[in-house]
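S.K.: Give the three-dimensional model of this entry:
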Amino acid sequence: MPRIDVIDVSHYNTVTSWAAVKASGVVGAIFKATEGVGYEDPSLKSGFADALKSGLACCTYHYLHHGNADGQMDYYLGVIDPQDGERVIIDYEHDDCTLDDLHEAVQRLLDFGHDLQITVYSGHLLKDQLGNSRDEFLEANTDLWVAQYTTGSPSWPSGTYKIYSLWQWSDQGSIDGVQGDVDKNEFNGSKENCVKWIGPASQQPAPSPDVAQVDIQIDTTGDVTVTVNGKRIT
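M.R.: Got it, this is the predicted structure:
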C-alpha cells in the first residue's frame, strides 16, 4: 500500500486534531482555497493556520471552471496572498474545462511573478485531452498531481510529464484526526523532499476582501490613529 504523505481537505472534511494527523506520519496538507470567481472555502483560514501550528507543510488549490481563467486566478491569488516560491495548484477536473482554460490559468500565475511553483491536479480529464502528445507549455511551467484510484502504479500523460510529483491514490481513506473519508496522496520521492516540494508557505492566507482588519491606537496626547487592512485612514 502506498505511503500517506499528504492529505488534501476542504470544508467537506472534519479535522478534529491536526496534531493527530501529523502524529500519523502525514507531512503535508493541501487546502481548497477557492472556486470560480467568488467562492472561498469556509474552512481555509482556520484549517490552514491550525495545520501550520501542528508542524505540517501546507499549500492550497483552486478549483477551475470553464471560462474567465484570468479572473479566477486573480481571485485565487487575492485570497491566498502567496509568498515568493509558494506552491499553487490548479484543480483541473471539471468536464467543461479545456486546455485553453488551463493554459490561460497557468499564464496568469506566471505573470504574477514571485517564482510561484505551479502544479496541475487532474485525473482522466487531462489524460484524455493530452493523450500521448507533448504540451511544451505545460511541460515547461507546471508539474503534475495525478488522481487515480488504483493498486500498483498510476498512469498519466507521460508525453507531457516525464514523471508525476504527487499521486492521489484514494478518496476514501481514514486517518487519525479526521472524521470520515479523506483523500490520501503519496509523493514521488522521499518525505523530506515532499516537504520541500510543498514549499515555503508559513502564514495564514490573506483576509477575504469583504473582511476588514481595523487597528485603533491612542497616543499619550489623546490623538487617535485608525488603520484598515494596514492602510492609515486618520
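S.K.: Please, which helix or strand holds N193?
M.R.: helix 191-198 (DSSP states H and E).
S.K.: For that helix, which outside residues touch it?
M.R.: 3, 5-6, 27-28, 30, 57-59, 87, 117, 165-166, 187, 189 (Cβ atoms under 8 Å, 6 or more residues apart in numbering). Every C-beta, even on glycine, is put in place using the N, C-alpha and C of the backbone.
S.K.: Okay, strands next: where are they in this protein?
M.R.: 6-9, 14-15, 28-35, 39-40, 57-63, 87-91, 117-122, 143-147, 166-173, 178-179, 182-187, 214-218, 224-228, 231-232 (DSSP state E).
S.K.: out of these, which comes closest to K22?
M.R.: Of all the strands of the chain, it is strand 28-35 that lies closest to K22, at 9.2 Å by Cβ to Cβ.
S.K.: any idea which residue sits dead centre in this structure?
M.R.: T60 (1.9 Å; Cα atoms, centre = their mean).
S.K.: residues near the closest residue to it other than its chain neighbours, how many?
M.R.: Once flanking residues are discounted, T60 sits nearest to A33: 3.9 Å by Cβ to Cβ, 6 or more residues apart in numbering. Neighbour count of A33, defined by other Cβ atoms under 10 Å: 26.
S.K.: For A33, give me its contacts.
M.R.: E40, D41, L44, T60, Y61, H62, Y76, V79, I80, P205.
S.K.: Please apply the same query to S54.
M.R.: W18, A19, V21, K22.
S.K.: Counting by contacts, list what the longest helix seen in the chain packs against.
M.R.: Ranked by residue count, the top helix of the chain under DSSP state H comes out as helix 99-112. Applying 3 or more Cβ pairs under 8 Å, 6 or more residues apart in numbering; DSSP states H and E, we find helix 99-112 packed against helix 69-80, strand 87-91, strand 117-122, helix 124-130, helix 136-141.
S.K.: Could you save these as CSV and add columns showing distance to V106, mean pLDDT and mean neighbour count?
M.R.: Below are the helices and strands packed on helix 99-112 laid out as CSV (distance: least, Cβ to Cβ, whole Å; pLDDT from 0 to 100; neighbours: other Cβ atoms under 10 Å):
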stretch, distance to V106, mean pLDDT, mean neighbour count
helix 69-80, 9, 98, 21
strand 87-91, 7, 98, 24
strand 117-122, 6, 98, 21
helix 124-130, 12, 97, 17
helix 136-141, 6, 98, 14
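S.K.: Good, wrapping up.
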